[in-house]
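S.K.: Sequence first, then the predicted structure:
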Amino acid sequence: MLSRVAENIYWLARYLERAEDTARLINVTSNLLLDFPKTTRLDWDSLVTITGAEDIFDEHYETRSADNVLNFLCVDLHYSGSIISSLESARENLRTTRDIMPREVWEELNTLYLDTLKQVEAGITSRKRDAFLKRVIRSCQAINGLIEGSLSHTQVHTFLMLGRNLERADMTTRIIDVRSANLLPRSPDDLTPFENLQWMSVLKSLTGYQMYRQQVRLRVRGPDVLRFLLQDEFFPRAVASCLGQLSFELEDLPRHEEVQALVDDLLPRLVNANMEKMAHTPDLLHDFVDTLQISFNELHQAIADHYFSGEYRGQSQSQSDVA
């Protein structure tokens, strides 16, 4: 496979995953407002922090109001990680590789992008926002379903899985890092109001609430949520599961030893980490998550060096800024 094709396929998966995850995060946050009393403010600013795009946001907006944050994450073309920008980039990556992908995948993504563009041009009001977000989520799921049901397990599939799982792991750690800063008590007496609802929102942001209840079988608690989202090897969006899938997929690629060694070194450190201790020491958890994200960046760079150009060109450059 040409390195250019492999790179486009890899970024196709990352952009698709980013669009879906961003839509889920906004949708769950909006719904969480309904469970809070009107006197309680939900910090929309945290959504910008999760994306790691504070500098870009502050460059184009004066205040981090709800409307500005939602516009930034949904329809702002200045931000490469917004839903519309992610779909546009995913479509462009797929357009250049249409000959090796099932036709139905192109049709679904192209239709999603064009319909979304029409909605953006018409304006996404608060009344239309829920339908907009659900459409993005369901179509991204449909595309992933088409890929799994109709794409042969060749190197094309391998690079799709590398992109998807690395993006998932990154988003999971970002959500945990930002949300846990306000949720984990720094002392036994420091209990955040509505803590249970907010931890539920963390799980729902990653579509993990039902699986958590099935596997943990306890009420939603911070330490158990951290253990589930970071160390569970069976939940597809848990970091350990994503890393395990990355290691498995890399075995099918030539010259994979150095890249796979990074994953195989990181996975045991993650699985063996003391989540109970981190749950009671927010600063320790923050440092641990920072270490994970640095490792993800190193892994991304290693994949680029071994299988792409080794340098970020064009649209890949914009991705490296938020990877």
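M.R.: Yes, it's here. Residues are numbered from 1 along each chain as shown.
S.K.: Let me see the contact set for the residue nearest to residue 238 when sequence neighbours are not counted.
M.R.: Leaving aside its sequence neighbours, residue 238 sits nearest to residue 232 (C-beta to C-beta, 6 or more residues apart in numbering; 4.1 Å). C-betas here are computed from N, CA, C, even on glycine. Residues near residue 232 by C-beta atoms under 8 Å, 6 or more residues apart in numbering: 215, 238, 240, 241.
S.K.: which one of these has the most neighbours?
M.R.: Using other C-beta atoms under 10 Å as the neighbour criterion, residue 238 leads these with 24 neighbours.
S.K.: where's that residue relative to residue 218, distance?
M.R.: From residue 238 across to residue 218, the span is 17 Å (C-beta to C-beta, to the nearest Å).
S.K.: Repeat that for residue 76.
M.R.: 40 Å.
S.K.: One more: residue 257?
M.R.: 41 Å.
S.K.: One more: residue 16?
M.R.: For residue 16, the distance to residue 218 - C-beta to C-beta - is 33 Å.
S.K.: do residue 97 as well
M.R.: Distance from residue 97 to residue 218, by C-beta to C-beta: 45 Å.
S.K.: So these two - more neighbours on which side?
M.R.: Taking neighbours as other C-beta under 10 Å, residue 97 and residue 218 compare with residue 97 leading, 18 against 9.
S.K.: So for the closest residue to that one other than its chain neighbours, what pLDDT did the model give?
M.R.: Spatial nearest neighbour of residue 97, excluding adjacent residues (C-beta to C-beta, 6+ apart): residue 8 at 5.1 Å. Looking at residue 8, its pLDDT is 96.
S.K.: Could you say which helix or strand holds residue 8?
M.R.: helix 3-35 (DSSP states H and E).
S.K.: One more: residue 197?
M.R.: Using DSSP H and E, residue 197 maps to helix 195-205.
S.K.: Over to residue 226?
M.R.: helix 222-231.
S.K.: Next SSE downstream of that helix?
M.R.: Using DSSP H and E, the helix or strand that follows helix 222-231 in sequence is helix 239-250.
S.K.: Would you mark the buried spots in that following helix?
M.R.: 239, 240, 241, 242, 243, 244, 245, 246, 247, 249, 250 (16 or more other C-beta atoms under 10 Å).
S.K.: Equivalent analysis for stretch 54-71, please.
M.R.: 56, 57, 61, 64, 66, 68, 69, 70, 71.
S.K.: what stretches of this protein score poorly on pLDDT?
M.R.: Applying pLDDT under 70 to the chain flags the ranges 33-43, 181-195, 310-323.
S.K.: repeat that with 80
M.R.: 1, 30-44, 123, 125-127, 178-198, 217-218, 309-323 (pLDDT under 80).
S.K.: Just give the closest residue to the residue most central in space within it, not the sequence neighbours.
M.R.: For the chain, the residue nearest the mean C-alpha position is residue 171 (3.3 Å; C-alpha atoms, centre = their mean). Distances taken as C-beta to C-beta, 6+ apart put residue 21 closest to residue 171, at 4.6 Å, once the chain neighbours are dropped.
S.K.: Quick one: neighbours of that neighbour, just the number.
M.R.: For residue 21, using other C-beta under 10 Å, the count is 27.
S.K.: for residue 13, what are its contacts?
M.R.: 159, 160, 161, 162, 163, 164, 167.
S.K.: right, and out of the residues you listed, which lies closest to residue 50?
M.R.: Residue 50 lies nearest to residue 167 out of the contacts of residue 13, by C-beta to C-beta, at 13.5 Å.
S.K.: Name the secondary structure element that contains that closest one.
M.R.: helix 155-183.
S.K.: tell me the angle that helix makes with helix 222-231.
M.R.: Angle, helix 155-183 to helix 222-231, by axes from the mean of the first three to the mean of the last three C-alpha atoms, to 10 degrees: 160 degrees.
S.K.: What residues sit buried inside helix 155-183?
M.R.: For helix 155-183, the buried set under the neighbour-count rule, 16+ other C-beta under 10 Å, comprises 155-180, 183.
S.K.: got it, and stretch 93-106?
M.R.: Buried, per 16+ other C-beta under 10 Å, within stretch 93-106: 93, 94, 97, 101, 105, 106.
S.K.: before we move on, the earlier item: among the contacts of residue 232, give me the pair with the biggest separation.
M.R.: Based on C-beta to C-beta, the longest span within the contacts of residue 232 runs between 215 and 240 and measures 13.2 Å.
S.K.: my read: residue 215 touches residue 228, true?
M.R.: Yes: between residue 215 and residue 228 a contact is recorded at 6.9 Å, counting by C-beta atoms under 8 Å.
S.K.: Overlap in contacts, those two.
M.R.: Contact criterion C-beta under 8 Å, 6+ apart; residues shared by residue 215 and residue 228: residue 235.
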